[in-house]
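Undergrad: Next one to model:
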Amino acid sequence: MVKRIVVGAHYGLKDWLVQRVTALVMVLYTLLWLAIAWYKGGVDYALWQALFANGAFRVATMLFWLALLWHAWVGMRDIWMDYLKPTALRLTVETLTVLTLLAYAVWLLDLLWGPR
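TA: Numbering: from 1, shown residues only. Purely as a prediction, here's the structure:
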């Protein structure tokens, strides 16, 4: 019988895939912005207002930022798991990271759909 030593949480393929998909979402949104800036000859305040008056563009922006926050969570969690060995310290820092990212998500929703 072969005895395997199990270490870590074994997120593996799921997190690898999440990192790639969220990076793809961020690249596509960035390319959209670059295309708009190129087509319009730059971005000014009037264009900015017009873009964000469109609900579809706000949804695309929300998807970009949620992808960024998820991407950041996976990356930061991996860093905390690799370098913070005391369990209590690691869990505390992970909890603070989650709370910070959730606060950013709430702020995002307020910015995109809150009162103007």
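Undergrad: Only C-alpha atoms from now on, for both contacts and neighbour counts.
TA: Fine.
Undergrad: neighbours around residue 65, how many?
TA: By the criterion of other CA atoms under 10 Å, residue 65 has 19 neighbours.
Undergrad: Revised request: answer the last question for residue 110.
TA: 12.
Undergrad: State the pLDDT value of it.
TA: Per-residue pLDDT puts residue 110 at 96.
Undergrad: 30 is where my numbering starts, stick with that
TA: Noted, 30 is the first residue going forward, which turns the last one into residue 139.
Undergrad: Tell me the secondary structure at it.
TA: helix (DSSP: H, G, I helix; E, B strand; the rest coil).
Undergrad: Tell me the spacing between it and residue 145.
TA: The gap separating residue 139 from residue 145 is 10 Å, by CA to CA, to the nearest Å.
Undergrad: same deal with residue 69?
TA: Taking CA to CA, one finds residue 69 at 25 Å from residue 145.
Undergrad: what about residue 51, how many neighbours?
TA: Using other CA under 10 Å: residue 51 sits among 21 other residues.
Undergrad: Next, the contact list for it, please.
TA: Applying CA atoms under 8 Å, 6 or more residues apart in numbering, we find residue 51 in contact with 96, 97, 99, 100.
Undergrad: Let me know the closest of those residues to residue 44.
TA: residue 100 (9.1 Å; CA to CA).
Undergrad: re the thing from before, more neighbours, residue 69 and residue 145?
TA: Remark: of residue 69 and residue 145, residue 69 carries more neighbours, 11 against 6, as counted by other CA under 10 Å.
Undergrad: so what pLDDT did that one get?
TA: 96.
Undergrad: Tell me where the chain has helices.
TA: Remark: helices assigned in the chain by DSSP state H are 41-69, 74-82, 84-112, 116-142.
Undergrad: Of those helices, flag the one that's most buried.
TA: helix 84-112 (a mean of 16; mean count of other CA atoms under 10 Å).
Undergrad: most centrally placed residue in this structure?
TA: Per CA atoms, centre = their mean, the C-alpha nearest to the average position across the chain is that of residue 97, at 1.8 Å.
Undergrad: So that residue sits against residue 55, correct?
TA: Yes - with contact defined as CA atoms under 8 Å, residue 97 reaches residue 55; the gap is 7.0 Å.
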